[in-house]
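J.: for reference, the sequence and a predicted model appear below.
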Amino acid sequence: MKLADNKATLSFSNGSPSVEMPVYQGNIGPDVIDIRKLYAQTGMFTYDPGFLSTASCQSGITYIDGDKGELLYRGYPIEQLATNVDYLDTCHLLLKGELPNKTEQVAFHKLVTNHTMVNEQMQFFLRGFRRDAHPMAVLTGLVGALSAFYHDSTDINNPEHREIAAIRLIAKMPTLVAMAYKYGVGQPFMYPQNDLSYSGNFLRMMFGTPCEEYKVNPVIERAMDRIFILHADHEQNASTSTVRLCGSSGTNPFAAIAAGVACLWGPAHGGANEACLNMLEDIQRQGGVSKVGQFMEQVKDKNSGVKLMGFGHRVYKNYDPRAKLMQETCNEVLEALGLENDPLFKLAKQLEKIALEDDYFVQRKLYPNVDFYSGIVQRAIGIPVNLFTGIFALARTVGWIAQLNEMIGDPEYKIGRPRQLFTGSVKRDVKPLDQR
Ligand code: CMC
């Protein structure tokens, strides 16, 4: 870490001596004040629920400038990656720090492809779930269970174990997500077909059946690949921080990634695309475009508890650059599938238009986020709404692993252990039952 020229001084109004703290500079982005010695020097903690002003680690993987609406993976703008490389190249970049050259590309694609099958026993484990279980419940279980099937890659402190666990997770996630889907609809599981692309193989495992040959539609294949690229990493978001915190105890990589899957499920995070589609379907049931005005009034009423799902972001306060790219893909897919006039898509367009013009949204800098459009694209492709977050988890797995590996390799890494401001009962005595 690079020390800045200046230092921070914290002074107190009660006459306690002030303390000086070092300031570090990143390569870009805000400087950070190093408060690690604060408790030892003052007996005080800092208070920052939701980590609004706290950097929990140093990282060289992903950079977001929320005001500019900029997202960089290892320095490369998301727009360039989404248009010039594929998802597996993006995985190589995130994991190893560089885009692959031709030889590395062939070797990496082959390595991932060699690991796409899952242990045959896993399908019996899957069969223990109810058929109507939510795919995220199934996936949390399946990913966690990988550590029961691949004992030779569970030592988080062994670089070889981490390497092979990373490849296994990236390769097997599409297989697991497709299995969770097929189980729910009662169709036979499809084994991976390794001469297809990563996205093409996923589409075939999802929508192919053993009865006939599945032909991959190149527009949908590209759209799927773009969804994967746009969701591959996003700095220290809730699920990534969960993976880091979980991994900081030394648990195995599969267990840490399963924790990330569980965190991603929430509607304020990865579950937003599912929540967004459910919202659109609700409005559609209540009368569609004619009810948009009434719905927007509810969204703006603080007491209603209704939010416009797929809008707003903790970090992007200008626009979400992923949303622009996803909007492009959305138009391409709707056109290719002849769905431009679908009532739900018209409704989404109407909501987007009103929100972009309405003062409530403009003043609060609330723009559509990636999930607004990715939900629409996935629905058009035929992916059921309750599988959207599973697809997000598939794509984000590489980011989680890259971040986990970075943490383990960081000499400053420690087990994560936040502090608290205690507001409960002070010490008291247990009273006998008849006096309580
Ligand atoms: N609809 C209506 N009002 C909103 C919305 C929304 N979607 N999002 C924020 N606001 C209002 C909020 O009520 C607050 O108003 P006020 O200042 O009057 O109290 C103001 O905007 C600031 O919001 P905030 O809750 O302080 O913002 P945050 O940074 O804590 O929350 C968020 C970010 C993403 C959780 C939130 O915008 C939200 O719940 N959005 C809907 C869910 C969603 O689409 N999530 C996906 C995020 S993108 C995928 C990912 O990266 O995980």
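T.: Sure, I can see it. Keep in mind that this is a model prediction, so the values were computed, not measured.
J.: now residue 27: phi and psi?
T.: Per-residue torsions, residue 27: phi -70, psi -40 (degrees, to the nearest 10).
J.: sorry, that was for residue 72
T.: When read as degrees, to the nearest 10, the backbone of residue 72 gives phi -120, psi 130.
J.: now residue 118
T.: Given degrees, to the nearest 10, the pair of backbone angles that residue 118 has is phi -110, psi 160.
J.: if I pick it, what's in contact with it?
T.: Residues near residue 118 by C-beta atoms under 8 Å, 6 or more residues apart in numbering: 149, 172, 175-176, 179. The way it works is simple: take the backbone N, C-alpha and C, and place the C-beta from them, glycine included.
J.: quick one: pLDDT of it?
T.: Looking at residue 118, its pLDDT stands at 97.
J.: give me the neighbour count for the residue nearest to residue 18 when sequence neighbours are not counted.
T.: Excluding its sequence neighbours, the residue lying closest to residue 18 (C-beta to C-beta, 6 or more residues apart in numbering) is residue 11, at 3.9 Å. Residue 11: 9 surrounding residues under other C-beta atoms under 10 Å.
J.: if I look at residue 11, how far off is residue 294?
T.: 53 Å (C-beta to C-beta, to the nearest Å).
J.: re earlier: quick check: the two most widely separated of the contacts of residue 118?
T.: The most widely separated members of the contacts of residue 118, counting by C-beta to C-beta, are 149 and 179 (13.5 Å).
J.: more neighbours: these two, which one.
T.: Each of residue 149 and residue 179 has its neighbours counted (other C-beta under 10 Å); residue 179 has more, 23 against 16.
J.: give me the helices and strands touching the helix or strand hosting that one, please.
T.: Under the criterion of DSSP states H and E, residue 179 resides in helix 159-185. Where contact means 3 or more C-beta pairs under 8 Å, 6 or more residues apart in numbering; DSSP states H and E, helix 159-185 is packed against helix 102-113, helix 122-126, helix 135-149, helix 198-207, helix 253-264, helix 388-409.
J.: buried sites along the second one?
T.: Okay, so that is helix 122-126. Within helix 122-126, the residues scored as buried using 16 or more other C-beta atoms under 10 Å are 122, 125-126.
J.: list of residues touching that helix?
T.: Contact partners of helix 122-126, identified using C-beta under 8 Å, 6+ apart, comprise 138, 141-142, 145, 149, 176, 179-180, 183, 189.
J.: hmm, try it at 6 Å
T.: Contact with helix 122-126 is made by 145, 179, 183, as judged by C-beta atoms under 6 Å, 6 or more residues apart in numbering.
J.: tally of neighbours for residue 164?
T.: Residue 164: 17 neighbours (other C-beta under 10 Å).
J.: wait, residue 417
T.: Residues lying near residue 417 (other C-beta under 10 Å) number 8.
J.: now it: which helix or strand?
T.: Residue-wise, residue 417 maps onto no helix or strand under DSSP H and E.
J.: what's the closest non-adjacent residue to whichever residue of the chain sits closest to the ligand?
T.: Closest residue of the chain to the ligand, C-beta to the nearest ligand atom: residue 312 (2.3 Å). Once flanking residues are discounted, residue 312 sits nearest to residue 366: 4.4 Å by C-beta to C-beta, 6+ apart.
J.: just checking, the one you found touches residue 309?
T.: No. Using C-beta atoms under 6 Å, residue 366 is not in contact with residue 309; the gap is 11.5 Å.
J.: neighbour count for these two, which is higher?
T.: Higher neighbour count among residue 366 and residue 309: residue 309, with 24 against 20, using other C-beta under 10 Å.
J.: assign residue 332 to helix, strand or coil.
T.: helix (DSSP: H, G, I helix; E, B strand; the rest coil).
J.: how about the residues of the protein by the ligand?
T.: For the chain, the residues in contact with the ligand (C-beta under 6 Å from any ligand atom) are 234, 237, 268-270, 272, 299, 307-314, 364, 366, 369-371.
J.: and with 8 Å instead?
T.: Contacts of the chain with the ligand, taken as C-beta under 8 Å from any ligand atom, map to 50, 234, 237-239, 264, 267-270, 272-273, 275-276, 299-300, 302, 306-315, 320, 360-361, 364, 366, 369-372.
J.: filter those to the buried ones?
T.: 234, 237-239, 264, 269-270, 272-273, 275-276, 299, 307-313, 320, 361, 366, 369-372.
J.: so where do the helices sit in the stretch 251-400 of the chain?
T.: 253-264, 272-285, 292-300, 321-336, 343-357, 359-363, 370-381, 388-409 (DSSP state H, counting those that start in this stretch).
J.: tell me the secondary structure of residue 3, please.
T.: Secondary structure, three-state DSSP: residue 3 is strand.
J.: quick check: it vs residue 200, distance?
T.: 49 Å.
J.: repeat for residue 153
T.: According to C-beta to C-beta, residue 153 stands 27 Å off from residue 200.
J.: do residue 99 as well
T.: In terms of C-beta to C-beta, residue 99 sits 21 Å off from residue 200.
J.: between the two, who's got more neighbours?
T.: The residue with more neighbours, out of residue 99 and residue 200, is residue 200; 21 against 17, by other C-beta under 10 Å.
J.: the more buried one contacts residue 221, doesn't it?
T.: Yes. Shown here, residue 200 and residue 221 form a contact pair, counting by C-beta under 6 Å, at 5.0 Å.
J.: how about CSV for the buried residues of helix 122-126, with distance to residue 344 and pLDDT added?
T.: CSV is the format used below for the buried residues of helix 122-126 (distance: C-beta to C-beta, whole Å; pLDDT from 0 to 100):
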residue, distance to residue 344, pLDDT
122, 35, 95
125, 36, 95
126, 31, 96
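J.: reformat those residues as TSV; add distance to residue 330.
T.: Converted to TSV, those look like this (distance: C-beta to C-beta, whole Å):
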residue	distance to residue 330
122	34
125	36
126	32
